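Participant: No letters, just coordinates:
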């Protein structure tokens, strides 16, 4: 496929000849490597075409405005945006530094993106283009893409552990599986460039997932309306696609807590209680209290962030107090009054072992985990959905940095204060 006889061709040094096309050398390595997962040069041509186009982060305004588009314009917007975003993801994966892109699990993720890109291009090539495609058929294609990538984060995490093992063997810096020691020894020269690349990758992935999920939810709402079906979500005007215009954080907290109870009881045989504003979660006061505070937000993003924080709190309590008859509860403080336009803050506290001062900055790394378990030994990570309650309770090293990315995506943040042997306070800014 690749003509290696460049010295016999009159091609500028700034270009590389691939198939029958010349590509700039600044993307040559990624384009060359992508050829290993597709034998069709036309897809390489399309990846170059779309990855070279400008892209922007999908904002809340973008999502809200999409509802006002005519159906054909809506599909065109989503279709073109997805081709650009996914093509850029393929190039990003191939340019992961320090050999990360060559890990088996990373290649698996890349294969998923390649198949999704092909699905979108197939619509252009074989179905006469977007203007002729049936809306339900297009929704089916996007649902397949959405489902295909449901375990991307977990599979990427496994790829990072594969890379970690390779680096340990190459530089002989392993410490019998001690992830904390590995992190401290290798951070500056090897991990830092990878951290930057992974942050960019996950930021873009959030944008793709939001766009996919939003379009699918909008389509479901229109389908329900067209068929005169009753739907609490779409007839109440509370939702615009995936945006909950009247999101009540306390309801999401309760939903997350039930999933955390399932995970901790599976792992430890019991689970800590949860107090909200000094009342047990099942206390009638919480049901009677008029939590009229609502915020326009993507409920799934808030769920993901709360899920990771509550899971960490529950694990900290169980592993430090598992021999105690009476476990200390997870404590949550949520505002009962919020001034319009101000930041909504949730505080989550536990009396677990806490985090050492020297490690407070490290907890935001994709490589840092205090768990002695990791998913490197799992053969089929596809069986777990990201943030799924059936996944292992710890060992991924992705929970906190990903949760912070989800909150920061819409202008929020995640901050942590902790005292070793005393406990941890986590603040979610929404």
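Facilitator: Now that the structure is in, tell me what you want to look at. The shown structure was predicted, so the numbers you read here are calculated from the model rather than taken from an experiment.

Participant: Please report phi then psi for residue 336.
Facilitator: Here is the backbone geometry of residue 336 (degrees, to the nearest 10): phi -100, psi -10.

Participant: swap in residue 97?
Facilitator: phi -80, psi 160.

Participant: quick one: contacts for it?
Facilitator: By Cβ atoms under 8 Å, 6 or more residues apart in numbering, residue 97 lies in contact with 193-194, 197. All C-beta spots, glycine's among them, are computed from the backbone N, C-alpha and C.

Participant: Distance of it relative to residue 343?
Facilitator: 35 Å (Cβ to Cβ, to the nearest Å).

Participant: Which SSE is immediately downstream of the helix or strand residue 267 falls within?
Facilitator: According to DSSP states H and E, residue 267 maps onto helix 249-268. On the C-terminal side of helix 249-268, the closest following helix or strand by DSSP H and E is strand 274-276.

Participant: all helices of this structure, in order?
Facilitator: Taking DSSP state H to define them, one finds helices in the chain at 28-34, 41-51, 60-66, 71-94, 104-126, 135-148, 152-171, 179-186, 192-226, 232-235, 249-268, 284-288, 299-321, 399-409.

Participant: Pull out the buried residues from the second one.
Facilitator: Okay, so that is helix 41-51. When burial is assessed from 16 or more other Cβ atoms under 10 Å, helix 41-51 yields the following buried residues: 43-48, 50-51.

Participant: for the stretch 251-400 of the chain, which spans come out with low pLDDT?
Facilitator: 283-292, 370-397 (pLDDT under 70).

Participant: can we see that at 90?
Facilitator: 251, 254, 267, 278-296, 321-326, 335-343, 357-359, 361-362, 365-399 (pLDDT under 90).

Participant: out of everything not next to it in sequence, what's closest to residue 197?
Facilitator: residue 96 (5.2 Å; Cβ to Cβ, 6 or more residues apart in numbering).

Participant: number of nearby residues for that neighbour?
Facilitator: Neighbour count for residue 96, taken as other Cβ atoms under 10 Å: 21.

Participant: same check, this time on residue 320
Facilitator: 18.

Participant: ok so, going back, I'd like the helices of the chain as JSON lines, with distance to residue 328 appended.
Facilitator: Putting the helices of the chain into JSON lines (distance: least, Cβ to Cβ, whole Å) gives the following:
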{"stretch": "helix 28-34", "distance to residue 328": "50"}
{"stretch": "helix 41-51", "distance to residue 328": "51"}
{"stretch": "helix 60-66", "distance to residue 328": "37"}
{"stretch": "helix 71-94", "distance to residue 328": "43"}
{"stretch": "helix 104-126", "distance to residue 328": "37"}
{"stretch": "helix 135-148", "distance to residue 328": "39"}
{"stretch": "helix 152-171", "distance to residue 328": "30"}
{"stretch": "helix 179-186", "distance to residue 328": "25"}
{"stretch": "helix 192-226", "distance to residue 328": "33"}
{"stretch": "helix 232-235", "distance to residue 328": "37"}
{"stretch": "helix 249-268", "distance to residue 328": "14"}
{"stretch": "helix 284-288", "distance to residue 328": "19"}
{"stretch": "helix 299-321", "distance to residue 328": "6"}
{"stretch": "helix 399-409", "distance to residue 328": "21"}
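
Participant: and residue 359, which of those is closest to it?
Facilitator: helix 179-186 (7.2 Å; Cβ to Cβ).

Participant: Give me the mean pLDDT for the closest one.
Facilitator: Averaged across helix 179-186, pLDDT comes to 62.

Participant: Now rank the contacts of residue 97 by neighbours and give me the top one.
Facilitator: residue 194 (20 neighbours).

Participant: Give me the pLDDT value at that residue.
Facilitator: Residue 194 carries a pLDDT score of 93 in this model.

Participant: so who does it touch?
Facilitator: 96-98, 100, 163, 366-367.

Participant: Using a markdown table, please lay out these together with distance to residue 77.
Facilitator: Shown next, in a markdown table, are those (distance: Cβ to Cβ, whole Å):
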| residue | distance to residue 77 |
| --- | --- |
| 96 | 29 |
| 97 | 33 |
| 98 | 37 |
| 100 | 33 |
| 163 | 36 |
| 366 | 32 |
| 367 | 37 |
